[in-house]
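Peer 1: Below: sequence and its predicted model.
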Amino acid sequence: MSQNTILKDLFQVIQEYAQVIQNENEKVVDFTSPKDLANIISFPVDEEGISDEAFKDLMQKYLQYSARTGHKQFMNQLFSGLNLPAFAGDVLTSINNTSMYTYEVAPVATMIENEMIGLMSSFAGYKNGEGIFVTGGSNANLIAMFSARNHAYPQTKFNGIVPNSKLKAFVSEDAHYSYENAANILGIGAHNVVKVPVDKNGSMIPSELEKALKKSKSENEIPFFVGATCGTTVRAAFDPLDKLSVICQNNKIWFHADGAFGGSLIMSPKNHHLFKGLELTDSFAWDAHKLMNIPLISSVLLVKEKGTLKFNLSDINTDYIYHENSEIEDLGKKSIQCGRRVDAAKLWFAWKYYGLKGYAEKMDHLMDLAKYAESLVEKTEKLKMFVPRQSLTVCFRYIPEFSTNLDEFNFKIRENLRLKGKSLVNVAWINKTLVIRFIISNSESQRSDIDQFFKNFMLEASELEIQMNSENLESNDKNLIPTK
Ligand SMILES: Cc1ncc(COP(=O)(O)O)c(C=O)c1O
């Protein structure tokens, strides 16, 4: 096996794939059952290795049967797209294969991570802040809660949580599930995350937070963390940071903003109103792998006060790895990881390539596409918005002419689209009602891609409507047959 052959084949496979995902006639996913997949790809590792040719075949099959998240009809998740400058950064990161803990093994990457953290902190309005790349938005929320716990109770770092200590965290009822996992991991307990009601747009209601805090205190609990969201997972709603920050300040509680999904919108001045009060938060989570279309994972936790991250850690027996360096701080001293992938470089390459202006325009473009999608829903007969759109998610339903279970009907449309590989769009439940959750996150998409989605969707929906209507009639007919 020659390295040159692998590189040559790899390059060819990548080029073919990049063309496939840009071709709208290609499927977004070539859906294959696990049983069929096991027949197409040989998954077990054998005693003997394989030939160059067989290796190339595996590379091709890997891509052929994976969901094509860079395809313009992939609207299923909060991430998508193929960002080539970022991809180049990812490949360089991978071939160089270093770890972020020390400057001596990651000199360029350390400078890059510092630069990215500085830039992102300036967007957050943190003048004396710091931050760290983490393994996703969920973990950014975890480190935020970890920081809040250690801030309120530094002794827990060494002594652990006192049983029944009654620490309470507060998030909206639409907040991401990672908060509960964070409370679980930190020994606080998932049941000690209080869910604050939201308004009709999905934003946390400040007076309800106040009420919940008051109740908690009256029961001798210890509120220590409020987690707001900038772009909730289902509705893409923004919590009112300015109003919530006043409540947190009055109650002396750590105030975190989860911008894993919507955080990138802050790059565009047109969206600053959504983040009013962000500079008053104590920490901010921002996933670049979502709206900036950086390959997974590229995620940051920013904190307002320098020193917070190092203070979190117990710093025991690390002299085997960290040697005094007065010129620059080793970033590993701020991370709960030891080995840590370089996730900043792919972001930096992309940001350098597009520039600050380019990314601000991308965010405006996404908002424009979302507005356009909403307008299509509003003017299409049988489509109905389920909740108002706040930013990048359009939650709607198809209402057929005959009466049927709308949750099931809409789910079927989605399933048919998925199984045929036409469009991948997800569903979600809002107040026990199933909606189509159409997400705009690929800034390479154009209005024509949105048109194509609705064309695919309406075709599937009307076919299903005709089919189900005739099945209904048939069964009605059967009912009319007189029984002997
Ligand atoms: C609001 C919000 N926070 C956190 C997360 C978790 O982010 P990640 O998938 O990067 O862990 C998500 C993921 O969808 C999210 O929507």
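Peer 2: Perfect, I can see it now. Here the structure is a predicted model, which means the values were calculated and not measured.

Peer 1: In contact with whatever residue of the stretch 101-250 of the chain ends up closest to the ligand, which residues?
Peer 2: Of all residues in the stretch 101-250 of the chain, residue 137 sits closest to the ligand, at 2.6 Å by C-beta to the nearest ligand atom. Placement of C-beta: from N, CA and C, glycine included. Counting by C-beta atoms under 8 Å, 6 or more residues apart in numbering, residue 137 makes contact with 176, 178, 258, 260, 261, 285, 287, 290, 299.

Peer 1: Let me know the distance separating it from residue 283.
Peer 2: Per C-beta to C-beta, to the nearest Å, residue 137 is found 12 Å from residue 283.

Peer 1: before we move on, back to that, now the residue of the stretch 101-250 of the chain closest to the ligand. Nearest residue, chain neighbours left out?
Peer 2: Closest residue to residue 137 apart from its sequence neighbours, by C-beta to C-beta, 6 or more residues apart in numbering: residue 260 at 2.8 Å.

Peer 1: Extract the C-alpha trace of stretch 311-322 and format it as CSV.
Peer 2: Below are the C-alpha coordinates for stretch 311-322, written out as CSV (Å, rounded to 0.1, in the frame of the first residue of the first chain):
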residue,chain,number,x,y,z
PHE,A,311,-9.9,28.6,38.8
ASN,A,312,-12.3,25.8,37.9
LEU,A,313,-9.7,23.2,37.7
SER,A,314,-7.9,21.3,40.4
ASP,A,315,-4.4,21.5,38.9
ILE,A,316,-2.9,18.4,40.4
ASN,A,317,0.4,16.9,39.1
THR,A,318,0.6,18.7,35.8
ASP,A,319,4.3,19.5,35.9
TYR,A,320,5.1,16.6,33.6
ILE,A,321,3.4,18.4,30.8
TYR,A,322,3.4,22.2,31.6
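
Peer 1: Sort out which residues of that stretch are buried, please.
Peer 2: Across stretch 311-322, burial judged by 16 or more other C-beta atoms under 10 Å covers 311, 312, 313, 322.

Peer 1: State the phi and psi torsions of the closest residue to the second one other than its chain neighbours.
Peer 2: Using C-beta to C-beta, 6+ apart and skipping the chain neighbours, the partner closest in space to residue 312 is residue 150 (5.2 Å). Reported as degrees, to the nearest 10, the phi and psi values for residue 150 are phi -70, psi -30.

Peer 1: which ones are touching residue 150?
Peer 2: Residues near residue 150 by C-beta under 8 Å, 6+ apart: 156, 157, 311, 312.

Peer 1: so which pair among these is furthest apart in space?
Peer 2: Farthest-apart pair in the contacts of residue 150 is 156 and 311; separation 12.4 Å (C-beta to C-beta).

Peer 1: Of the contacts of residue 137, which is the nearest to residue 72?
Peer 2: Using C-beta to C-beta, those come closest to residue 72 at residue 290, 16.8 Å.

Peer 1: Just to be sure, that closest one is in a strand?
Peer 2: No: secondary structure of residue 290 (DSSP: H, G, I helix; E, B strand; the rest coil): helix, not part of a strand.

Peer 1: Using CSV, list the CA coordinates for stretch 384-404.
Peer 2: In CSV, the C-alpha atoms belonging to stretch 384-404 read as follows (Å, rounded to 0.1, in the frame of the first residue of the first chain):
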residue,chain,number,x,y,z
LYS,A,384,-49.8,27.2,8.1
MET,A,385,-47.2,28.8,10.4
PHE,A,386,-47.5,27.1,13.8
VAL,A,387,-45.7,29.7,15.8
PRO,A,388,-44.2,33.2,14.9
ARG,A,389,-40.7,33.1,13.4
GLN,A,390,-38.1,34.8,15.5
SER,A,391,-35.0,34.0,13.5
LEU,A,392,-33.8,31.0,11.4
THR,A,393,-36.4,28.3,12.0
VAL,A,394,-39.8,28.2,10.3
CYS,A,395,-42.2,25.9,12.1
PHE,A,396,-45.3,25.1,10.0
ARG,A,397,-47.8,22.4,9.1
TYR,A,398,-49.6,21.1,6.1
ILE,A,399,-53.4,21.1,6.6
PRO,A,400,-55.1,18.7,4.1
GLU,A,401,-58.7,19.2,3.1
PHE,A,402,-60.0,16.0,4.7
SER,A,403,-59.9,15.6,8.4
THR,A,404,-57.1,13.5,9.7
